Every structure is written in C-alpha cells, then in structure tokens.
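Asker: sequence plus predicted model, see below.
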Amino acid sequence: MFKLISKTLIFMGCVGLCACQSSSAEEPTDDMVKLAEAQEKLILRKPAHLKAVKRVPKKISAKKAGPTGPIAAPDNVGEVPADAEVSPSGLASQVLKAGSGTVKPGPKSAVMVHYSGWTPDGTMFDSSVARGQVAEFQVSRIILGLTEGLQLMVEGEKRRFWIPGKLGYGESGGSASAPAGALVFDVELIDIR
C-alpha cells in the first residue's frame, strides 16, 4: 500500500513539475521547489504501522561510540562474594549501580543491555561494551542465568552475576564464545521494551 501511494505521489509530482517546466524553461520557481519539498516529505514519511515503534533513547546512542577492546575482569570474578544475593537456582548477583526504573522485565520482554562476560579465570569471552554496540534480545532467549537475573533488575541498574555452568552454556563442551562451566557477567539494563 505504502509503495503504491509513494509511486502515485512521485508520478503526480513529475506531472506537476513537467507542467511547471513547460510554462517556464528557466530556473525552478519557488512553487516548483515547494512542490518538490512537499513530495519528498510525503514519500519519506513512515507508514502508520511503523509509527508505534519505540525510538531508541538518546542515552543509548552515546553508548554506540565504537569498540573499546578487551575489558579487564573484575577482581572478584573467581569467587562469589559473601554479601552477594544467591537464588535457589544457584545464581548469585550483586548490584553495582542502582537503577532509576521501577518496572522489571518479564521473560517475554525485549531488553536493551550492555554486558561483558568472563570465565572465572578472568578471560573475557564476550562484551557488547567492547564492540561498542548495545545488545537487544528477548529475556527468555538467552542463557538461563541471565534470563533469571535480568528479571531482578530495573532500568538503569547494573549488576554482576555469577552463573553456575548449569545456568550457562553447560558444564562440558562449549566454544570460545560460549565457554563451559561457571561464568561471570556484568549487565547494565538500559531499556525494557
């Protein structure tokens, strides 16, 4: 439908411009320029079904500055601190920065986060921060430890998670980007969609 309207507007604009040009073969008149600008605005306007899409907050744009390279592991990546919260599943977490939001995401929520992940020996295996790009995904479509952990957070919050292997990529197997065994993640919840 949108393509048909766009083609119709372009055709009408061409007819209008041809009519204007036939009356004057010189420089474009103010009327011709205004007509072309109006047509461009109509053609570039988003269709109604796309207007409901939530805009990315400006605070995220600044976080897409570019890759920063490897990020040093926190001092306590090798063991869970005594003051960390531990859930019945074995997921341990600690708030690094309090959030400003009041709503927590559910399993079907889409979230925008920055994260970095390390193995307990301090090897970084993945980081949206190092890539310079915010990650967006549905909460239930990631490893179990982060699915559980993200549902504890509010917007603006930053947490560190100590994830046992059974809640990560498993105790055996894995790859460089999905290592086996326990994992540590720093996660900042930027936006809930």
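Answerer: That came through, no problem.

Asker: distance between the ends of stretch 176-186?
Answerer: 18 Å (CA to CA, to the nearest Å).

Asker: could you do stretch 153-165 as well?
Answerer: The straight-line separation of the ends of stretch 153-165 (CA to CA) is 21 Å.

Asker: for stretch 142-157, same thing?
Answerer: By CA to CA, one end of stretch 142-157 lies 19 Å from the other end.

Asker: cool, stretch 137-151 as well?
Answerer: Counting by CA to CA, you get 13 Å between the two ends of stretch 137-151.

Asker: lowest average confidence, helix or strand, in this protein?
Answerer: helix 58-61 (a mean of 39; mean pLDDT, DSSP states H and E).

Asker: next SSE after that helix?
Answerer: Going down the chain from helix 58-61, the next helix or strand is strand 85-86, by DSSP states H and E.

Asker: quick one: name whatever helix or strand follows that next one.
Answerer: Per DSSP H and E, the first helix or strand lying C-terminal to strand 85-86 is strand 92-97.

Asker: domain parsing for the protein?
Answerer: 2-50, 58-192 (automatic domain parsing).

Asker: weakest of these in terms of mean pLDDT?
Answerer: Ranked by mean pLDDT, the domains of the chain end with domain 2-50 at the bottom, a mean of 47.
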